Each structure stands twice: as C-alpha cells, then as structure tokens.
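[1] Starting from these lines, generate the structure:
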Amino acid sequence: MPKLFYNADNIYTMNRERPVIENVLVEKGVIVDYNVEASESYEKIDLKGKTLVPGFIDSHLHTLMYGIELDMLDLSDTSSIKDLIAKTKKYIKKKDLKKGEWIIGWGWNQDKFENEELPKAKDLDKISTEYPIVLKRECRHLLVANSLALKKADITEATKVVDGKINLDSDGDPNGILRENAQKLVLKAAPETTVKDIKNYIVKSGKKFRENGLTFVQSDDLDDSNVSYKKVLQAYYELADSGQLPVRFNLQLRLTTIDQLNEFLSEHKLGKYNDFLTLGPLKIWADGSLGARTAALRESYTDRDNSFGELLCSKEKMEKMAKIAFENEMQIACHAIGDRTIEQFIEVIESLNKEYDTNLRHRIIHSQLADYKLLKRMKKAGINTDIQPAFTVSDWKIVANRLGKRREQQSYLWKNMLDLNINTAGSSDCPIEKPDPIWGISCAVTRKDKDKKPDHGWLPQQKITVQDALEIYTKNAAYNAFEEKDKGKIEVGYKADFTIIDQNPFLIKADELRDINIEATVIGGEIYPNKKSSSF
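    You can find the predicted model right below:
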C-alpha cells in the first residue's frame, strides 16, 4: 500500500509549538511524517488550496436517539399548538399509517409558541384517538402523549415513578405531560426495537456524523428509548467486529442503578475494544434541562415561584455509584445543568478524591449554570467539562427570564473555563442540536444565533478565539476521553483522522465561520468525500 502524501496550503496541527505544516505523510492509517519532500513512490493527494485540520470530535451526543429520530416526525419548526396538530395530521396522512401504529415525534418547544403553553393530551386527541401519539420536547426531558398512548402504558393518577413526574390536570387525572424518567413508561409501551434496528440506526447516524466532518464521537446510548443496554452493546460489538462502524466511538455508559453498574462491570471490560470502539465513562444523568425548568437550581426559577427543578440522582445514590467507579478506575461523566446539581457532583468528587489517589478526568456534561466559584472548585477537584456552544444561541432568549439578570451573567461561562485551564471539550448533544462542529465553532466564537443576533453576541465577554474553538472539537475532546496520544492533533504516530474544509477559519470574518463547508472526512487515511464537494 503506497504512502499517502497530503499536500495543502494550510494544515493546522493543534500543536501550538508547531501550529502549521505544509504536508503530512500517512502509511497504514497512521501519520508517519510531515513537511517531507514529495516522492514518486507516494500517492499524492492535492487538497487544492483547502484547509486540513485534525478530525473533528464530538464529546457528547446520542447516536441511537439520533438514528431513531431521523425516521420520526420533526416538529422543530412548530410555532403553536395548532401548528403542532396540523403537522402531525399531515404526517399521518403522508405515511398512510395503519390504525394503532405508534406515532413518535420530537423537537417542539413551547418557548417558540405565542403563549408558551405546553401541549397536553387533550390537544393530541384532536389529532387522533386511533393512534398512540408521543411528541418529545426539543430537550428530550419532557414529552406529551395522547390518551391512547397513556392507556397503552397503563398510566393513571395512581402510577408512581422514581426520578420523574406525571403531570395531572385539575381533576387529578394525567394530562399527558411526562417529565424525565416518567417518559420511559410510555416509550416502553411502544413496539420493541431489535438489535438489527439498533445497528441500522447507529450506521445511519454515523454516516451523518461523517458527513459533518466528525471522525470520533463520544456517545450516550445505553438507556435511550425503550432499548435494553445489553441490546445496544450487542449492536455496537457486532458492528465493530464486522468493520461497519462509520466513525470511531467512545461509549458513555449510562447505567442507572447500582445493581446494573455492578452487573456491567462483572461482564464487560472497560477501555478499548478495537480501533473503532471503546467502553468509556460511567454516565450519570443527574438533572433535567433549563428549557423544561427541570435543571436543579439552588434558587428558584425567576419566572415560577418555589420551582427549583429536579435532582434525578440523589446525593446518596451518586456517592454510591461514584465510589464503585473510583474502585474500578472508571471515569465519571455527569449530566449537570443546574448549579445545585453541579455543586452536588463536585462535593462527591471532592470527598472521594481524599480517599483515592487517582486522576480519572471526571467531567461534567453541560455545566451551563456553573458560576465562577463552582468553576474554581471544578478545577481544583480535577473535573473537566463537555460544553455545547450551540446551546448559547438557542438559550440566550430565555435565560434571563428563567434565571434573572444576575444569574444570567454567571452562566455559560465558556471563556472562564478555558482561562482556568479546565479541559473543555465541544459537543452538540445531538439530536438536541445538529451534529455540526462547524456550527458549534461559530457559536463559540460569535455567540450569535442563526439570525446573527444579538449584534455583539450574547455575553460577549465569554466569546473564545478561533484557535480555542478548534481545539475544543479536536485535542481537548480527545483528552477528555483519554485519547490524546493518538487523536486530536496532527503528529507522528497519531491516527490519520482529518477533516478537510473549504475555507481557512483564521482568514475569514467571525460571522462567516458558519459558512465553512466540509469537503471530506478522512478516517484512518481513507477519504470520505462530502456529497456536495467538488474537489474529491
């Protein structure tokens, strides 16, 4: 097999001591040299003035959920409950569904509605009472189900749920709104997903990731939808064994009980399975979302009296699970959005750090409402973070309303994280946001939405540089997953994982970053041209 000689005007290494090189030499999927003289024995790949960077990495997303939702009803542009009803009716007619088939949709957000009212079962019953209908909110921390779906799931006013809530109407009956773990009750009543289905969803999602320039993703899938974690692992193992994984995966292991965690550890080996699959950190889902007002706060939501969100993992349970993780040298990745949840996780890690002398690079996924004092405690405790830059541009219109001006100024502190040398990685939380690192980079640098608002960016003092933005989607993301020795930079001995883009991000205006296109994605030296590319 000939050596591949990548020649470009701009190759950015993410090594600040040697930031730019002219060419890179690849053999058997690995970088073997750079800045070398061309040779007739090399297979030359001329990038024709395009820019090459290390392969983009998404540090937190949901592959299975994304794959499932690619086939679902998309309600992300819904403007009212009336619009939601109309779109769902149109979907049923278009799909020509048989009566009794489940209809599952996603993406609505009441903050985009005129009166910000949550849809309820009575609204969905106007669509149909002959199909079970389940429509997930944009954040996936809340859904609404129609009466038939509630009936299929045997949900009544007497149904109990742990770490979730079934909303009731004025008569004391379920009104269709299910929050957090209560969502599983209705999702489990839907038709069972097979291992074959799961494999199809993973491959379909993975190809989308690759089209967006991603070479490596860190994915939380073990407790999604109505699928057992054993089926999900079987699907990943089979795809890895057959060489069918489209990108490299590190699985964030959402094991929801102590018994489940112990069972997993007795049956599976943590770490690298092969070059395309690694079993990574324990994922703890500890609170909800800001949009659904389920992120756990130390002070009440400003727009709702005595409303503090929901802790989905008690401190006692978190301590027990974290202790097992420490004993097994297992990294922990904790979903924490609210300051109360963030503080609880920090306290747990601070306590266990005194007992165990190890650096497992524990991390907080989201860290949206971590104020400066919490960030300093995170740094001292050795806690890293995975942020979602696109959340700033979707949330900036609601944060002041939810939290008030004072707390708004102490939220989404991306630049402060970097200034404190907290290893900060970038992600999309796909399918919450699209798996598009270019959009994430644009959001981190400009903090502007799709309409380029606010004019100077939201909380502009928290903007980060283009270099920092590229690093959070490359070397920083690799570090959080213990993959910094062969991913995230262009160095000899590293995987030949590259993203080729059509513009130099350092030579264009900040507002133009969003217009950069992916020309091709390279994984292990193999080039996957983007369908829209004219160069490959």
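
[2] So which bits of stretch 70-88 are buried?
    Met72, Leu73, Leu75, Thr78, Ser80, Ile81, Leu84, Ile85, Lys87, Thr88 (16 or more other C-beta atoms under 10 Å). Every C-beta, even on glycine, is put in place using the N, C-alpha and C of the backbone.

[3] Identify the residues contacting it?
    91, 103-109, 112-114, 117, 119, 123-124, 126-127, 133, 135, 138, 201, 204-205, 208 (C-beta atoms under 8 Å, 6 or more residues apart in numbering).

[4] Those residues, buried ones only, as a PyMOL selection?
    To isolate the buried members of the contacts of stretch 70-88 in PyMOL, using 16+ other C-beta under 10 Å:
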select buried, resi 91+103+104+105+106+107+108+109+113+119+123+124+127+133+135+138+201+204+205+208
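
[5] Show me the domain layout of this protein.
    Using automatic domain parsing, the domain parsing of the chain gives 3-55+494-529, 69-187, 193-480.

[6] Which one of these lies nearest to Leu61?
    Distance to Leu61, taken as C-beta to C-beta, is lowest for domain 193-480 among the domains of the chain, at 4.0 Å.

[7] beta partners for Ile45?
    Tyr6 (DSSP bridges).

[8] I'd assumed Asn23 was in contact with it.
    No - counting by C-beta atoms under 8 Å, Ile45 sits too far from Asn23 to count as a contact (9.5 Å).

[9] any residues in contact with both of the two?
    With C-beta under 8 Å, 6+ apart, Ile45 and Asn23 have common neighbours Phe5, Tyr6, Asn7.

[10] Let me know the closest of the residues you listed to Trp285.
    Nearest to Trp285 among the shared contacts of Ile45 and Asn23, with distances taken as C-beta to C-beta, is Tyr6, at 40.6 Å.

[11] what pLDDT does the closest one get?
    On pLDDT, Tyr6 comes in at 81.

[12] Pro2 too?
    Confidence score, pLDDT, at Pro2: 66.

[13] Surely Glu263 is within a helix?
    Yes - the assignment for Glu263 by DSSP: H, G, I helix; E, B strand; the rest coil puts it in a helix.

[14] okay, now it: neighbour count?
    Other residues lying near Glu263 total 14 when counted by other C-beta atoms under 10 Å.

[15] Which pLDDT value goes with it?
    pLDDT at Glu263 comes out at 97.

[16] So what touches stretch 346-354?
    Looking at what lies outside stretch 346-354 - C-beta under 8 Å, 6+ apart - the contacts are 315, 318-319, 322-323, 326, 332, 362, 374, 377-378, 381-383.

[17] again, only this time at 10 Å
    With C-beta atoms under 10 Å, 6 or more residues apart in numbering as the test, stretch 346-354 has contacts from 284, 286, 313, 315, 318-323, 325-327, 332, 334, 336, 358-360, 362, 364, 370, 374-375, 377-378, 380-383.

[18] Can you select the buried ones from those in ChimeraX?
    Selecting only the buried members of those in ChimeraX, with burial defined as 16+ other C-beta under 10 Å, works like this:
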select :284,286,313,318,319,321,322,323,325,326,332,334,336,360,362,364,370,374,375,377,378,381,382,383
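
[19] mind listing which of the contacts of stretch 346-354 are in strands?
    Ile284, Ile332, Cys334, Ala336, Ile364 (DSSP state E).

[20] Show me which pair in these is furthest apart.
    Maximum pairwise distance in the ones in strands among the contacts of stretch 346-354, criterion C-beta to C-beta, is 10.9 Å, between Ile332 and Ala336.

[21] which neighbours do those two share?
    Ile284, Phe345, Arg363, Ile364.

[22] Now for the first one: which residues touch it?
    With contacts defined as C-beta under 10 Å, 6+ apart, the neighbours of Ile284 are 252-256, 261, 312-313, 317-318, 321-322, 325, 332-336, 341, 345, 348, 364-365.

[23] Count the residues that sit near Ser147.
    17.

[24] again with Gly338
    Neighbour tally, Gly338, other C-beta under 10 Å: 29.

[25] residues contacting it?
    286-290, 293-298, 301, 308-311, 344, 366, 368-370, 403.

[26] Counting neighbours, which of those residues end up buried?
    For the contacts of Gly338, buried by 16+ other C-beta under 10 Å: 286-290, 293-297, 301, 308-311, 344, 366, 368-370, 403.

[27] ranges for the helices of the stretch 301-450 of the chain?
    315-327, 339-355, 372-381, 389-395, 399-403, 405-408, 414-419, 437-446 (DSSP state H, counting those that start in this stretch).

[28] what helices or strands is the fourth one leaning on?
    Counting contacts by 3 or more C-beta pairs under 10 Å, 6 or more residues apart in numbering; DSSP states H and E, helix 389-395 packs against helix 399-403, helix 437-446.

[29] can you check the first one too?
    Packing contacts for helix 315-327, counted by 3+ C-beta pairs under 10 Å, 6+ apart, involve helix 258-267, strand 277-285, strand 332-336, helix 339-355.

[30] repeat for the shortest one
    Secondary-structure packing of helix 405-408 (3+ C-beta pairs under 10 Å, 6+ apart): helix 399-403.

[31] Buried residues, the helix it packs on. List them.
    Under 16+ other C-beta under 10 Å, the buried positions of helix 399-403 are Val399, Ala400, Arg402, Leu403.

[32] I would like the residues contacting that helix, please.
    Contacts for helix 399-403 (C-beta under 10 Å, 6+ apart): 111, 116, 290-291, 293, 295, 297, 299-304, 307, 338-339, 368-369, 391-392, 395, 405-412, 458-459.

[33] Nice, that's everything, thank you.
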